[in-house]
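Peer 1: dropping a prediction and its sequence here:
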Amino acid sequence: MIADDIEPILCLFETVAAERIYIGTEPGFDRAAYRARLERGLLRDAMPTWVVIADDAPSALTGTPTIGQLGIWMSDDDGPTLGMMIAPPFRGHGLGRLLLQTAMAWTRDAGYTTLALLVFPHNRAAIALYRAMGFEQVAYYERDVRRQNGEVWDTILMQQRLS
């Protein structure tokens, strides 16, 4: 990731957060703190790692050319852990698979033996993709993420063993 990617990633993040269904963050998040986290990531050698998919023209939805992104960071509990998002009009066209393949190759090349992720149980399309890419459920966390409306959602921890 380069510094020019930060603003487009923030715009994509805001777009996906506004859907209130696929990621834990919802509108009203601290944009400055999230930007600072991205900027700190630029200064590290090993983690976090960001992969950005951009188009030549800005997306009509996000207003930026960033249509997908994936970040990998080190979790104390689960090792290399990923989070990804794709702008709504670009979902279902293989970009998620491309992002995952890139993340798996990077993680393997960096010498790690596993790659983890968290997903909401209702995100069936993502779970199907993760399973097709070799991820397996290793834990189920009940009442893990509190939503702004007071609901508390479960999460699934999935992990892939890399060879």
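Peer 2: Great, that's in hand. Numbers count the residues shown, from 1 in each chain.

Peer 1: okay, now the unreliable bits of the protein?
Peer 2: Across the chain, the ranges flagged by pLDDT under 70 are 1-4, 42-48, 55-65.

Peer 1: which stretches of it form helices?
Peer 2: In the chain, the helices defined using DSSP state H lie at 6-19, 31-42, 95-109, 124-132.

Peer 1: list the buried residues of the last one.
Peer 2: For helix 124-132, burial by neighbour count (16 or more other CB atoms under 10 Å) applies to 126-127, 129-130. Where you see a C-beta, it was placed from the backbone N, CA and C, and this is true even at glycine.

Peer 1: related to what we said a few turns ago, can you lay out the helices of the chain as a markdown table showing distance to residue 74?
Peer 2: Formatted as a markdown table, the helices of the chain follow (distance: least, CB to CB, whole Å):
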| stretch | distance to residue 74 |
| --- | --- |
| helix 6-19 | 19 |
| helix 31-42 | 11 |
| helix 95-109 | 11 |
| helix 124-132 | 20 |
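
Peer 1: quick one: which of those helices is nearest residue 68?
Peer 2: Of all the helices of the chain, helix 95-109 sits nearest to residue 68, with 4.7 Å by CB to CB.

Peer 1: packing partners of that closest one?
Peer 2: Contact partners of helix 95-109 among helices and strands, from 3 or more CB pairs under 8 Å, 6 or more residues apart in numbering; DSSP states H and E: strand 49-54, strand 66-75, strand 79-86, strand 114-119, helix 124-132.

Peer 1: residue 17 is nearest to which of these?
Peer 2: Closest among the helices and strands packed on helix 95-109, once you apply CB to CB, is strand 79-86, at 9.0 Å.
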